[in-house]
Each structure stands twice: as C-alpha cells, then as structure tokens.
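Visitor: Structure, please.
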Amino acid sequence: MIKNILSIFYALALVSLLSACASSDEAVPQKYNEPRFDNNNLINLKVNKVEVVSEFTPSFTRPNVEHLFPVSIEKTAKLWANDRLKAVDFASDKQATFVIKDASVTEEVIKSDKIFEKDSLKYRAKLSVVLTVKDPYNFSSAETSLEAWRELTIPVDTTIEDKEKYWNSMVEKLFEEFDARMQMNINKYLNMYVADSDYIQDYGN
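Guide: From the prediction side, this is the model:
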C-alpha cells in the first residue's frame, strides 16, 4: 500500500515538474514602449510655458489602424515635446504651443498580380505637428510646422508578433526623422525664441 502511494506521489511530482518546464519555455509576448528623447539636448525656449495639445482623434475604423500599434504615435509625439522642449523665461509673456494635428496609420491590402506571389499589407504612418510661439504683449506670433511619414509593406500572412515588431520599428524610424527635422525647423524658423542658440542660417539653401 505504501509503495503504491509513493509511486503515485512520484508520478504527480513528475507531472508538476514537466508542467513547470513547459510553461517556462512558452514565448513571452514582447513588451514595447514609446521611445523617449530625454537623452537629447533640450531645446530651451524663451517662453514662460510650453503647452502640449492633441487635436487628433482616432477613428478606430479601418483603414485606420493606429489603435492596433503596440506604441502610439500620438503619445510618442507628446513625449517628444515634454522631453525636448523647455520653457526657460518665466518673466516673459510669451507662450509656446505644440499641437499634434495628425498621428494616424492606415492599412491597405495590395493585391498581387502574380499567381504564386502573396498579397501584401501596406502601412502608412503620418505625423503632423505645429509649434507656435505667441507674444500677447506685442500681438505677434511665429510658428513652424512639420509633416513626417513612413511606409511599410509586409506579406499579408505576417503573424501578429512579427507585425508588432515591424510596427514598432516603423514608429522608431519615423521619430528619428521627425526629431532631426523638427529641431532643424525650430532653429530655422523660431530661432529668435531659442535661448543660447548657436544656429547660423545658411542663406545659400
């Protein structure tokens, strides 16, 4: 009797061990986070406040698919403004407003015209922003705007895990371009409001 009980105990222990091993080997879903820009140099603006506003409203209806992305273009744009733009003149009446106009992603099915070639999915990510500096005391304002976009084409049967990897990389590359171009635009068109700016306008371009 005791021998039978021990055999059952060892069998249950073995099953538990195998179950634990199996669960530890299961693939853990990849966690993606919005990129940050706080390692980059601050853009110090001679204003008393930087306001971040979003005018973009997701439709949650195809062809728009930005709500399916593991990282949000809209949220990343807000993080960019918070990480890179800083008000440094609190005695000033001037204010800066960073407005997100568009942060959408659309999906399009591309039908193949070849018999043995798979259809494709084409994604287009778009980011449109406006940065305005207003001086209410002098009734003046200046602004710069930027529209950045990125496209991605993948096979129609791509797994959701691989899609998320592609989408995440797509957003990262979109903001690499946006970051560089937006800083250039601010230095060029809002230079008079940038503290300690060493930017020199090249009038040959």
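Visitor: any low-confidence regions in the chain?
Guide: Under the criterion pLDDT under 70, the flagged ranges of the chain are 1-29, 198-205.
Visitor: which residues of the protein fall in helices?
Guide: 2-25, 73-84, 160-189 (DSSP state H).
Visitor: which strands and helices sit next to the shortest one?
Guide: With contacts defined as 3 or more C-beta pairs under 8 Å, 6 or more residues apart in numbering; DSSP states H and E, helix 73-84 has these neighbours: strand 50-54, strand 95-110, strand 120-135, helix 160-189. (C-beta placed from N, C-alpha, C; glycine too.)
Visitor: So for that helix, what gets flagged as buried?
Guide: 73-74, 76-81, 83-84 (16 or more other C-beta atoms under 10 Å).
Visitor: any idea of the angle that helix forms with strand 95-110?
Guide: 150 degrees (axes from the mean of the first three to the mean of the last three C-alpha atoms, to 10 degrees).
Visitor: CA atoms only for helix 73-84, dumped as PDB, please.
Guide: Presented in PDB, the C-alpha positions along helix 73-84 are these (Å, rounded to 0.1, in the frame of the first residue of the first chain):
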ATOM      1  CA  ILE A  73       2.400  57.800 -32.400                       C
ATOM      2  CA  GLU A  74       0.300  60.400 -30.700                       C
ATOM      3  CA  LYS A  75       1.700  59.500 -27.200                       C
ATOM      4  CA  THR A  76       5.200  59.500 -28.600                       C
ATOM      5  CA  ALA A  77       4.800  63.000 -30.000                       C
ATOM      6  CA  LYS A  78       3.600  64.200 -26.600                       C
ATOM      7  CA  LEU A  79       6.700  62.600 -25.000                       C
ATOM      8  CA  TRP A  80       8.900  64.200 -27.600                       C
ATOM      9  CA  ALA A  81       7.600  67.700 -26.700                       C
ATOM     10  CA  ASN A  82       7.900  67.000 -23.000                       C
ATOM     11  CA  ASP A  83      11.400  65.600 -23.400                       C
ATOM     12  CA  ARG A  84      12.800  68.200 -25.800                       C
END
